[in-house]
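Enquirer: Here is a sequence together with a model predicted from it:
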Amino acid sequence: MKVVVVGGTGLIGSKLVARLGEHGHEAIAASPNTGVDTLTGAGLDEVLTGADVVVDVSNSPSFEDAAVLNFFETSTRNLLAAEAKAGVRHHVALSVVGTERLQQSGYFRAKLAQEELIRKSDVPYSIVHATQFFEFAKSMVAAATDGDVVRFAPVHFQPVAGDDVAQAVGRTAVGTPLNGIVEVAGPETFRMDEFFRAGLAKIGDPREVVTDPAARYFGADLDENTLTPAGDGALLGTITYQEFKARQAG
């Protein structure tokens, strides 16, 4: 099976390309680095020739509201049009658990716009909603930092290792199109403020983690379960946070 991975040189994309190759599939990494630009359409027709599946794990280079909306709408339109022309039979997109509940954020409004374009297209599809990646913990801290204070809401979240996300996306890609959403999350649930307070203390970071019920997540208000899977059918990863940290240290 030929699988084109858009964003295939990034964190999840590179893992996915390697995993699919190990299972005997022809996995092609498509990104500006490999001559494929979904914003302009450059290289799309060529790379999609003979493709059975396209997996989009790309991300916007800018999180500014207008720029991120333009990225996801333009790139998704170009990609879906090229897929229809090439006869691609399955479009898989990676998105975020809780996207529809985070619409105060420009980034998540853009992700929902991307999902709506996929649902309205004629290409059979699957959308994978993942929780926050362990690999992005530092970025989350940076976004929540104000001087020497880090503000997190006392809400549940269920972070997941990138390897587990790549596995879930890969299995979805080689399966039958869902024409719907599947959720993937980590095996453990944490309270966000406590998780980051313990994490910063363990590495000797002097910043103070303050529990703030009004703290936003990339511009969006949170309730207790905004960031956790909505139902009981989520795919759960197997890598715990301690195992993830041990692998990094190793």
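Expert: Structure received. Numbers count the residues shown, from 1 in each chain.

Enquirer: biggest helix in this protein by residues?
Expert: Using DSSP state H to define each element, the chain has its longest helix at helix 65-86.

Enquirer: Distance from the chain centre to that one, please.
Expert: Remark: helix 65-86 is offset 16 Å from the chain centroid, using Cα atoms, centre = their mean, to the nearest Å.

Enquirer: immediately after it, which helix or strand?
Expert: strand 90-96 (DSSP states H and E).

Enquirer: just the strands in the chain please.
Expert: Assigned by DSSP state E, the chain shows strands spanning 2-6, 26-30, 53-56, 90-96, 125-130, 145-146, 149-152, 156-157, 181-185, 190-191, 208-211, 235-236.

Enquirer: for this protein, what spans make up the helices?
Expert: Taking DSSP H as the test, the helices found in the chain are 11-22, 44-48, 65-86, 106-120, 137-144, 162-173, 192-202, 241-249.

Enquirer: Ok, which of those helices comes nearest residue 152?
Expert: helix 192-202 (4.0 Å; Cβ to Cβ). For every residue, glycine as well, the C-beta is placed using N, CA and C.

Enquirer: other SSEs contacting the longest helix of the chain?
Expert: Here helix 65-86 touches helix 44-48, strand 53-56, strand 90-96, helix 106-120, going by 3 or more Cβ pairs under 8 Å, 6 or more residues apart in numbering; DSSP states H and E.

Enquirer: Residue 133: which of the ones you listed is closest?
Expert: Closest among those, using Cβ to Cβ: strand 90-96, at 10.1 Å.

Enquirer: Would you pull up how far stretch 183-193 lies from the middle of the chain?
Expert: 15 Å.

Enquirer: Pull out the buried positions in that stretch.
Expert: By neighbour count on 16 or more other Cβ atoms under 10 Å, the buried set for stretch 183-193 is 183-188, 190-193.

Enquirer: and if you look at stretch 226-239?
Expert: By neighbour count on 16+ other Cβ under 10 Å, the buried set for stretch 226-239 is 226-229, 234-235, 237, 239.

Enquirer: and that stretch, how far apart are its ends?
Expert: 22 Å (Cα to Cα, to the nearest Å).
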